[in-house]
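A.B. asks: Starting from these lines, generate the structure:
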Amino acid sequence: MSASSGVVPLPDRRLTVFGLGGTISMTANDSGGVVPVLSAGQLVATVPGLEETGIRIGVEDFRRVPGACLGFDDLAALSEAIDQRFDQGVDGVVITQGTDTIEETAYLLDLVHDRPQPVVVTGAMRNPTLAGADGPANLLAAVRTAASAQTRGLGVVVVFADEIHAASRVRKAHTTSGFTFQSANGGPLGYVVEGRPRVLNRPVDRTVVPMVGAQRRAVEIGLVTTVLGDTGWWLDGAADRFDGLVVAGFGAGHVPDWLADALAEVASHIPVVLSSRTGAGSVLSGTYAYVGSESDLLGRGLISAGFLDPLKARILLRHLLAGGHDRSAIQAAFMQAGGQADQ
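C.D. replies: Numbers count the residues shown, from 1 in each chain. So this is what the prediction gives:
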């Protein structure tokens, strides 16, 4: 690396890159479409400038699937593998995967990551067969971020297009844009500038709920979005079909008045979390008072998601129920994770 680059080598850093597949690893098959083919080692070997960083990188070809095909068992195994690497002394971890589920996988990993070492998730929107493929640049930025002292203590972050996003905030906001990942509530934590991560703002706190292996149990969480003229057919038998339910309500957490009684009945049997379908902002608690408003529903036993969007609320609820947490603990966790607790 030339002195004019301004990038300082980090020869004392050790990282592990876990490859899970996704667009970043895809090449064309006989039909002309792309499928995940490249290994984690092949991805790392093709990144310009990576060798010059001096960072010692180990690779693990963990999965080779599209992002939509990842499941909770994959994430549980990945979390255990990450902990093993930290026990072995690595300074950070990078995960490459399909972007379809990054906003969910990163948040689940963040919930169980109780160590200071950075875990960075990245991927690509343009596969390696296309001009301007973004995978190598994203992977280089992710490696730099995982090796940086600035990102210690931030938990799991998503690095994409030289932006650093908190796992608890980030959303995929566009089907094809290279800037698809956005954090509507608070914006990026920072940026990668001239190869250096620059963290400009840090979350006040972070919710960590470690999962004890013996506590894992299969749970099913429903997620429904209220729509104009909603008949509430999805509430029929919901308490029997689900262990928990997330409702993405209108605006600040509203549903049609004719659904209020049925939601209260379901909430008397299983945890029901009230979120907003808007994608930004918090569920309110006491502004509106009509039947079906946020204050009415919370008074009927629903749990506020606060700033958590519906997808992340589902991840948190499932994680808590799978760990055997009771309603009181679930309420407290959502107060903290949703940014509703007094600091």
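
A.B. asks: mind listing the strands for the stretch 151-300 of the chain?
C.D. replies: Taking DSSP state E, counting those that start in this stretch as the test, the strands found in the stretch 151-300 of the chain are 156-160, 163-166, 171-172, 181-182, 190-193, 196-199, 221-225, 244-249, 272-276.

A.B. asks: Which elements pack onto the fifth one?
C.D. replies: In terms of contacts (3 or more C-beta pairs under 8 Å, 6 or more residues apart in numbering; DSSP states H and E), strand 190-193 is packed against helix 135-146, strand 163-166, strand 196-199. Yep, even glycine has a C-beta here, placed from its N, CA and C like the rest.

A.B. asks: Keeping just the C-alphas, turn it into PDB.
C.D. replies: Output of strand 190-193 as PDB, limited to C-alpha atoms (Å, rounded to 0.1, in the frame of the first residue of the first chain):
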ATOM      1  CA  GLY A 190     -20.700   6.200  10.900                       C
ATOM      2  CA  TYR A 191     -18.900   5.800   7.600                       C
ATOM      3  CA  VAL A 192     -15.800   4.200   6.100                       C
ATOM      4  CA  VAL A 193     -13.700   7.100   4.900                       C
END
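
A.B. asks: got the contact list for that strand?
C.D. replies: 141, 144-145, 150, 159, 162-164, 197-201 (C-beta atoms under 8 Å, 6 or more residues apart in numbering).

A.B. asks: got the buried residues for that strand?
C.D. replies: 190-192 (16 or more other C-beta atoms under 10 Å).

A.B. asks: List just the nearest of those to G54.
C.D. replies: Among those, V192 lies closest to G54 (C-beta to C-beta), at 17.1 Å.

A.B. asks: could you dump the strands of the stretch 151-300 of the chain to a markdown table with mean pLDDT?
C.D. replies: Below are the strands of the stretch 151-300 of the chain laid out as a markdown table (pLDDT from 0 to 100):
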| stretch | mean pLDDT |
| --- | --- |
| strand 156-160 | 98 |
| strand 163-166 | 98 |
| strand 171-172 | 97 |
| strand 181-182 | 97 |
| strand 190-193 | 98 |
| strand 196-199 | 96 |
| strand 221-225 | 98 |
| strand 244-249 | 98 |
| strand 272-276 | 98 |
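
A.B. asks: still on that earlier bit, from the buried residues of strand 190-193, which is closest to L50?
C.D. replies: Nearest member of the buried residues of strand 190-193 to L50, counting by C-beta to C-beta, is V192, at 13.7 Å.

A.B. asks: what pairs with that closest one across the strands?
C.D. replies: According to DSSP bridges, the partner residues bridging V192 are P197.

A.B. asks: Can you check which helix is longest in this structure?
C.D. replies: helix 72-87 (DSSP state H).

A.B. asks: now the angle from the next helix or strand after that helix to helix 72-87?
C.D. replies: Remark: after helix 72-87, the chain's next helix or strand is strand 92-96, criterion DSSP states H and E. Inter-element angle recorded for strand 92-96 and helix 72-87: 150 degrees (by axes from the mean of the first three to the mean of the last three C-alpha atoms, to 10 degrees).

A.B. asks: Using PDB, write out every CA atom in the first helix or strand past strand 92-96 going along the chain.
C.D. replies: Per DSSP H and E, the first helix or strand lying C-terminal to strand 92-96 is helix 102-112. The C-alpha trace of helix 102-112 is given here as PDB (Å, rounded to 0.1, in the frame of the first residue of the first chain):
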ATOM      1  CA  ILE A 102     -29.600  -9.200   6.700                       C
ATOM      2  CA  GLU A 103     -31.900  -6.900   8.700                       C
ATOM      3  CA  GLU A 104     -33.200  -9.900  10.600                       C
ATOM      4  CA  THR A 105     -30.100 -12.100  10.800                       C
ATOM      5  CA  ALA A 106     -27.900  -9.200  12.000                       C
ATOM      6  CA  TYR A 107     -30.400  -8.300  14.700                       C
ATOM      7  CA  LEU A 108     -30.700 -11.900  16.000                       C
ATOM      8  CA  LEU A 109     -26.900 -12.200  16.200                       C
ATOM      9  CA  ASP A 110     -26.800  -8.800  17.900                       C
ATOM     10  CA  LEU A 111     -29.200 -10.000  20.600                       C
ATOM     11  CA  VAL A 112     -26.800 -12.800  21.600                       C
END
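
A.B. asks: ok, residues contacting helix 102-112?
C.D. replies: Helix 102-112 is contacted by residues 67, 70, 72, 75, 78-79, 82, 95, 97, 119, 121, 123, 155-158, 166-168, 170-172, 181, 206-211, 311-312, 315-316, 319 when judged by C-beta under 8 Å, 6+ apart.

A.B. asks: Each with direction, which strands does the lengthiest strand in the chain pair with?
C.D. replies: What stands out as the longest strand in the chain, according to DSSP state E, is strand 56-65. Applying DSSP bridges, strand 56-65 is found paired with strand 14-21 (parallel).

A.B. asks: residue boundaries of the helices in the stretch 201-343 of the chain?
C.D. replies: 238-241, 260-267, 294-299, 310-322, 327-337 (DSSP state H, counting those that start in this stretch).

A.B. asks: Buried residues of the shortest one, list them for me.
C.D. replies: It stands for helix 238-241. 238-239.
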